[in-house]
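Asker: Have a look at this fold, sequence not included:
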């Protein structure tokens, strides 16, 4: 194995799970998340020798991942694979709470760009500027998409029922 391949393999082993979690938050499907991560890391591998700073790869991979997600949404339903029968994919041993299930279902209904902003800003805890760089847009766009996304998300999330 060459030094290039070894360095890439180390980075992949260290960061693929985190990128898969981000992809899952974007698309809401573990299998699709794996496809997005595979696409992002394939593109990184092809450009591995051209990447200037290997110590700052996460923003680059995150940007590729998000662009792959958004581009996939533009394809239209006829170009996507659709499984007929899905098997549950267990990512962790923990059973998700009802609140988490409801939030993930609501997040899946938020438009793609707004969802990407919400995931990066509030789950990944990126700054407005880092989010703008990852999405290739302005800070003002991030702020407006975050605002719209939160309004949409709040409308989709049912408030808890108070016990009497």
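Answerer: Done, it's in. Everything quoted here is computed from the prediction, not taken from an experiment.

Asker: Stretch 104-114: which residues count as buried?
Answerer: Of all the residues in stretch 104-114, those buried under the rule 16 or more other CB atoms under 10 Å are 106, 107, 110, 112, 113, 114. In this view, the C-beta of every residue, glycine as well, is placed from N, C-alpha and C.

Asker: and the residue positioned nearest the centre of the chain, what does it touch?
Answerer: Note on the chain: the residue nearest the mean C-alpha position is residue 23, at 3.0 Å, using CA atoms, centre = their mean. Contacts for residue 23 (CB atoms under 8 Å, 6 or more residues apart in numbering) come out as 32, 33, 34, 36, 37, 40, 65, 69.

Asker: Could you report the distance from the first one to residue 4?
Answerer: Here the distance between residue 32 and residue 4 works out to 29 Å (CB to CB, to the nearest Å).

Asker: same check, this time on residue 127
Answerer: For residue 127, the distance to residue 4 equals 32 Å [CB to CB].

Asker: now swap in residue 25 and tell me
Answerer: 31 Å.

Asker: Look at the two and report which has more neighbours.
Answerer: A count of neighbours by other CB atoms under 10 Å puts residue 25 above the other of residue 25 and residue 4, at 20 against 11.

Asker: does the more buried one really touch residue 122, like I thought?
Answerer: No: taking contacts as CB atoms under 8 Å, residue 25 lies outside contact range of residue 122: 9.7 Å.

Asker: got the buried residues for the longest helix anywhere in the chain?
Answerer: If you go by DSSP state H, the chain has its longest helix at helix 3-27. By neighbour count on 16+ other CB under 10 Å, the buried set for helix 3-27 is 8, 11, 15-16, 19-27.

Asker: For whatever helix or strand comes next after that helix, buried residues please.
Answerer: Where DSSP states H and E defines the elements, the next helix or strand beyond helix 3-27 is helix 30-46. Neighbour-count burial for helix 30-46, with 16+ other CB under 10 Å as criterion, is recorded at 30, 32, 33, 35, 36, 37, 39, 40, 41, 43, 44.

Asker: All set now, cheers.
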